[in-house]
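Student: Sequence first, predicted coordinates after that:
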Amino acid sequence: MVIVWSGSNDVSNNNTSEAINQLCKFAEEKNEVNLVLMKAPRRHDLIPTSCVNSEVMKFNRQMEKNMKSFYNVKLFDTNFYRIFYTSHGQHLNTLGKKLILSELAIVIKDLFVKKQPTPNCIPEEGILDITDLNQNIPGDVTPNIEISKHLHQI
């Protein structure tokens, strides 16, 4: 498993398209490896409508769109409240780091838990007892031999 986390500083250099291309190339090359890609966090030291935060949102949207085709990629949302950041608002504080760790632990655990297939259940009224077809049917009605043959093959 590989965890990749690019920060909003990386995104703010207006290289969103290049970064997305590199992530797609990486995901394609590592198609046998589980990848957890962390979305870029917004900057709380800037106003929400700043060009950097707009670029972060654009990057995260493009990453979501482009990673849908990769079965081995799990996206991890880092859109946390301001209380999880240091006083200057750019980096995670201790509480924020603990939150990331606990959330990542859940993602990692889910990747390693073997998924059990859900059994296909047939409703009781849908069960057909093929022995009924071979019983003597009263009256002039005779069992359809073709249906009986096919059912015995199943």
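Tutor: Alright, I've got the coordinates. Residues are numbered from 1 along each chain as shown.
Student: name the helices or strands packed onto the top helix by length along the chain?
Tutor: Counting by DSSP state H, the longest helix found in the chain is helix 94-112. Counting contacts by 3 or more CB pairs under 8 Å, 6 or more residues apart in numbering; DSSP states H and E, helix 94-112 is packed against strand 35-38, strand 73-76. Backbone N, C-alpha and C define where each C-beta goes, glycine included.
Student: looking at those strands, which is closest to K65?
Tutor: With respect to K65, and counting by CB to CB, the nearest of those is strand 73-76 at 10.7 Å.
Student: so who does F76 touch?
Tutor: When contacts are counted by CB atoms under 8 Å, 6 or more residues apart in numbering, F76 touches 36-39, 103-104, 107.
Student: buried set for stretch 71-79?
Tutor: Of the residues in stretch 71-79, 72-75, 78 count as buried by neighbour count, 16 or more other CB atoms under 10 Å.
Student: Got the phi and psi for E18?
Tutor: E18 adopts backbone torsions of phi -60, psi -40, taken as degrees, to the nearest 10.
Student: how many neighbours does it have?
Tutor: 10 (other CB atoms under 10 Å).
Student: can you give me the helices for the protein?
Tutor: With helices called from DSSP H, the chain shows them at 8-11, 16-29, 51-67, 94-112, 145-153.
Student: so who does F26 touch?
Tutor: Counting by CB under 8 Å, 6+ apart, F26 touches 4, 35.
Student: From F70, how far out is it?
Tutor: Distance, F26 to F70, by CB to CB, to the nearest Å: 10 Å.
Student: just W5 next, same as before
Tutor: To F70, W5 is 17 Å away according to CB to CB.
Student: Not counting stretch 77-89 itself, show me its contacts.
Tutor: Around stretch 77-89, the neighbours that count as contacts under CB under 8 Å, 6+ apart are 5, 38-46, 91-93, 95-96, 99-100.
Student: With only the CA atoms kept, save that stretch in PDB.
Tutor: C-alpha atoms of stretch 77-89 as PDB (Å, rounded to 0.1, in the frame of the first residue of the first chain):
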ATOM      1  CA  ASP A  77     -10.800  13.600   2.000                       C
ATOM      2  CA  THR A  78      -8.800  16.100   4.000                       C
ATOM      3  CA  ASN A  79     -11.500  18.800   4.200                       C
ATOM      4  CA  PHE A  80     -11.300  19.300   8.000                       C
ATOM      5  CA  TYR A  81     -12.700  22.100  10.200                       C
ATOM      6  CA  ARG A  82     -10.400  25.000  11.200                       C
ATOM      7  CA  ILE A  83     -10.100  23.600  14.800                       C
ATOM      8  CA  PHE A  84      -7.800  20.900  13.400                       C
ATOM      9  CA  TYR A  85      -5.200  23.400  12.200                       C
ATOM     10  CA  THR A  86      -2.500  25.400  13.900                       C
ATOM     11  CA  SER A  87      -3.100  29.000  14.800                       C
ATOM     12  CA  HIS A  88      -1.800  30.200  11.400                       C
ATOM     13  CA  GLY A  89      -4.200  27.800   9.700                       C
END
